[in-house]
Structure formats: C-alpha cells, structure tokens
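Undergrad: Sequence and predicted structure, then a few things I'm wondering about:
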Amino acid sequence: AITRLRTMGIVESKKKKGSVITSPDIVGIMSKSMNPYILDEDTLREIFELRLVLEIGMADLIFQKITQKDIDELKEIVKNEPSSSESHLFNIEHEINFHGKLYEITGNKTLKSFQKMLLPIFDYVHNSGLLKKDLPQKKFVSHKGLVDILENGSPELFRNGMRNHLENHFARLFAD
C-alpha cells in the first residue's frame with residue numbers, strides 16, 4: 001500500500017522520518033493515464049469537453065490578471081492568422097499558441113499544467129475523426145476578435161465570445 005501511495009506521489013520516504021504525506025502533483029498523477037491511444041472514445045470526448053468548458057470559465061481569472069504585455073503578445077500570436085479565421089476551423093498550431101497563452105495569463109500553474117497534459121488528447125481528438133467533420137461551418141468569433149474583447153471588453157463579453165469561438169467544436173462533438 002505504501003509503495004502504491006509513493007508511486008502516486010502521495011507519500012514519500014524521508015531518512016530518519018519514515019514515510020510522510022506530501023502535497024501530490026494532481027496533474028502529474030492524472031497525466032500518467034492520459035495516453036490518447038489507451039483511452040476509449042467516450043473518455044476522449046469528455047476530456048475534450050472539459051477543455052472547452054475550462055476555457056469559457058477562465059474569463060474572470062484572465063481579466064483579473066491580464067496585462068498590456070499579455071495583450072501585445074496575444075496580438076503577435078494572432079497577427080499571422082488567415083483573414084478567413086471567422087468562418088473556418090483554426091490551424092491546430094494557432095489554437096495551441098493562442099489558448100496556451102490564455103492559460104498562461106491566468107497565472108494558475110495547475111491550469112497551465114492541465115492544458116499541457118491535454119495537448120496530446122486535443123491533437124488526437126482533432127485528427128481522429130471523433131469530432132464530426134461534415135458540419136457546415138458557422139461564423140464565429142476569431143482569435144483576433146477575442147483579443148479585442150480582452151483589450152476593450154468585460155469578462156461576460158469574453159465568456160460569450162469564447163462560447164461563440166468554440167461553438168463549432170461543440171457542434172461537432174454533439175453531432176449525431
């Protein structure tokens with residue numbers, strides 16, 4: 001039992017003190033089982049849904065922590081996006097760079113670690129066919145539009161913008 005707890009990072013052995021309880025790295029523990037090739041499709045879809053919900057829910061934290069430097073960095077990230085970004089699915093590299101910066105802005109190390117842990121899952125789900133790809137694309141808020149909201153809007157506007165930004169992902173997840 002102690003070996004299992006040690007493997008999970010909950011207990012560590014210290015010389016002359018024996019086994020002591022630690023503050024476990026929750027994300028590290030989870031990441032050991034986050035291999036997209038061993039998880040079933042329902043679990044992968046649910047993890048992807050969790051990512052979408054987190055990103056909509058981060059609005060207040062982002063607005064509390066964002067600086068002009070962050071906005072400038074986001075503008076740099078989005079400057080090379082295609083002009084049609086309001087009506088097509090984003091390049092995965094653009095997605096990772098933009099959304100990764102949002103996680104970084106929160107200043108929450110656990111959220112950032114969680115996002116890094118989700119990258120292989122996101123990549124796998126994005127390329128696997130789990131998301132129905134034959135839906136007509138709707139117009140939605142681009143990354144540039146989200147930066148504008150961050151610079152001039154409010155947490156509520158950002159939540160709505162992010163919801164609209166991710167709408168095509170949700171539609172593809174729930175297509176029958």
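TA: Yep, that arrived.

Undergrad: Show residues contacting the lengthiest helix in the chain.
TA: Selection of the longest helix in the chain by residue count, based on DSSP state H, yields helix 109-128. Applying CB atoms under 8 Å, 6 or more residues apart in numbering, the contact partners of helix 109-128 are 26-28, 30-31, 34-37, 39, 44-45, 47-48, 51, 54, 58, 92, 95-96, 99-100, 103-104, 106, 131. For every residue, glycine as well, the C-beta is placed using N, CA and C.

Undergrad: Alpha carbons of that helix, in PDB - could you do that?
TA: Extracted C-alpha coordinates of helix 109-128, given in PDB (Å, rounded to 0.1, in the frame of the first residue of the first chain):
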ATOM      1  CA  LYS A 109       0.200  26.700 -12.500                       C
ATOM      2  CA  THR A 110      -2.300  23.800 -12.200                       C
ATOM      3  CA  LEU A 111      -4.400  25.100 -15.100                       C
ATOM      4  CA  LYS A 112      -1.300  25.500 -17.300                       C
ATOM      5  CA  SER A 113       0.000  22.000 -16.400                       C
ATOM      6  CA  PHE A 114      -3.500  20.700 -17.100                       C
ATOM      7  CA  GLN A 115      -3.500  22.400 -20.500                       C
ATOM      8  CA  LYS A 116      -0.100  20.900 -21.400                       C
ATOM      9  CA  MET A 117      -1.400  17.500 -20.300                       C
ATOM     10  CA  LEU A 118      -4.400  17.900 -22.600                       C
ATOM     11  CA  LEU A 119      -2.300  18.800 -25.700                       C
ATOM     12  CA  PRO A 120      -1.800  15.200 -26.900                       C
ATOM     13  CA  ILE A 121      -5.500  14.500 -26.300                       C
ATOM     14  CA  PHE A 122      -6.500  17.600 -28.100                       C
ATOM     15  CA  ASP A 123      -4.300  16.700 -31.100                       C
ATOM     16  CA  TYR A 124      -5.600  13.100 -31.100                       C
ATOM     17  CA  VAL A 125      -9.200  14.100 -30.900                       C
ATOM     18  CA  HIS A 126      -8.700  16.900 -33.500                       C
ATOM     19  CA  ASN A 127      -7.200  14.400 -36.000                       C
ATOM     20  CA  SER A 128      -9.000  11.200 -35.100                       C
END
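
Undergrad: Give the other helices and strands that the helix or strand just after that helix contacts.
TA: Next helix or strand after helix 109-128 toward the C-terminus (DSSP states H and E): helix 143-152. Counting contacts by 3 or more CB pairs under 8 Å, 6 or more residues apart in numbering; DSSP states H and E, helix 143-152 is packed against helix 68-78, helix 92-105, helix 155-165.
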